[in-house]
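[1] just to be clear, the model below is a prediction. Sequence and coordinates:
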Amino acid sequence: MKSAVIVFPGSNCDRDLAVAIREVTGEAPAMVWHRETELPDGIGLIGVPGGFSYGDYLRSGAMAARSPVMRAVADAAARGVAVLGICNGFQVLTEAGLLPGALMRNAGLNFVCRDVALTVGTSQSAFTSRYDAGEEIRIPVAHHDGNYTADEATLDRLEGEGRVAFRYGEQVNGSARNIAGVLNDAGNVLGMMPHPERMIEAAHGRTDGRRLFEGLVAAIA
Amino acid sequence: MPGHPIIIGLNRMKARVYVTLKNGVLDPQGRAIHHALEGLGFSGVEDVRAGKLIELSLAEGTSDADIEAMCRKLLANTVIENFRIERIAA
């Protein structure tokens, strides 16, 4: 499976994400700098990594969402290419309007960096098909702005349409309805605050994140 | 004033954009400021909401609609924030 990982000034999980994709798909992703206006042909997955982007000036992800490469990402998403935004990548996707809602400062104001319990909200997506709905997994988080917010009607719609991919199984950051990850209406764009790329191989302690990438390979390759 | 040439025909103007969180959106920063004020002994504060002030220096002819478009496209995230535009003399 061909894939691409977007790199912004300040991205720092791009390499981890590339390693995870290579481990599971057998093919290293193309690393695409934010100034590019086109993505490689024939890619089935775009990763928008964690870290920071442009110093996260104004709001986390706000600058990155308006960078040239994001137009190409939006076009690809509209064509049905899978887009996975992790942590800052999730913030970028909401700022770009590819996912609903916004990610605000953690309710406790602290940077939260630890493994957290997650409940899988749906197995009906390419990202979550290798999990069971309701299954509990553990994935690390590392963020300051992960407090998911949307109006009540949007939250109801996300829940009603099975678009809450992951929920926190414990209090982490004050997110509305404990939402940790959401899908777009077509189901091909996922944003999540936890870092599945950090739980890929036994040396990471657990491998709970690996099935997310395996599901993508099965759906796309 | 020496060293400050007078530029004719370039009427600069400024706008201030106030970005504030919508009512009902929890403001953890405002809450922390509130607690800190109470810690300093200021007891009369009932609530604190923190926001941003963005000052724009604009070329002549920049319309209100232009500024509003800037707010909607970048300066404010209208999912969680409101904005107010105030024009001022430069």
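    Noted; the coordinates are in hand.

[2] when you work out contacts or count neighbours from here on, use the C-alpha atoms and nothing else.
    Noted.

[3] any idea which helix or strand comes after the longest helix along chain B?
    In chain B, with assignment by DSSP state H, the single longest helix is helix B:28-39. Next helix or strand after helix B:28-39 toward the C-terminus (DSSP states H and E): strand B:51-58.

[4] hey, C-alpha coordinates of that next one in CSV?
    What follows is strand B:51-58, C-alpha atoms only, in CSV (Å, rounded to 0.1, in the frame of the first residue of the first chain):
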residue,chain,number,x,y,z
GLY,B,51,-9.6,36.0,24.8
LYS,B,52,-7.4,37.4,22.1
LEU,B,53,-6.8,40.8,20.6
ILE,B,54,-5.4,40.9,17.1
GLU,B,55,-4.5,44.3,15.7
LEU,B,56,-4.4,44.6,11.9
SER,B,57,-2.7,47.5,10.0
LEU,B,58,-4.6,47.7,6.8
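
[5] tell me how many other residues crowd residue 13.
    Using chain A here. Per other Cα atoms under 10 Å in any protein chain shown, the neighbour tally for residue A:13 reads 22.

[6] oops, chain B please
    When neighbours are defined as other Cα under 10 Å, residue B:13 has 16 of them.

[7] verify the stated contact: it with residue B:59.
    Yes. Counting by Cα atoms under 8 Å, residue B:13 touches residue B:59, with 6.6 Å between them.

[8] thinking again about what came up before, give me the residues contacting the longest helix of chain B.
    A:105-109, B:43, B:45, B:47-50 (Cα atoms under 8 Å, 6 or more residues apart in numbering or on different chains).

[9] TSV please, covering these and showing pLDDT and distance to residue A:1.
    Formatted as TSV, these follow (pLDDT from 0 to 100; distance: Cα to Cα, whole Å):
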residue	pLDDT	distance to residue A:1
A:105	93	36
A:106	95	36
A:107	92	39
A:108	89	40
A:109	88	40
B:43	91	61
B:45	96	58
B:47	94	53
B:48	95	51
B:49	95	48
B:50	94	46
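
[10] which strand or helix spans the residue in chain A that chain B sits nearest to?
    With Cα to the nearest Cα as the measure, residue A:107 is the residue of chain A nearest to chain B, at 5.5 Å. In the assignment (DSSP H and E), residue A:107 maps to no helix and no strand.

[11] now do the residue of chain B found nearest chain A, the pLDDT please.
    Closest approach between chain B and chain A, counting by Cα to the nearest Cα: residue B:28, at 5.5 Å. On pLDDT, residue B:28 comes in at 87.

[12] likewise the one 10 residues further on?
    Per-residue confidence at residue B:38 stands at 96 (pLDDT).

[13] flag every residue of chain B that's near chain A.
    Counting by Cα under 8 Å from any Cα of the partner chain, chain B comes close to chain A at B:26-29, B:74-75, B:77, B:79-80.

[14] now restrict those residues to buried residues only.
    Among the residues of chain B next to chain A, the ones that count as buried by 16 or more other Cα atoms under 10 Å in any protein chain shown are B:26-29, B:74-75, B:77, B:79-80.

[15] right, I'll call it a day here.
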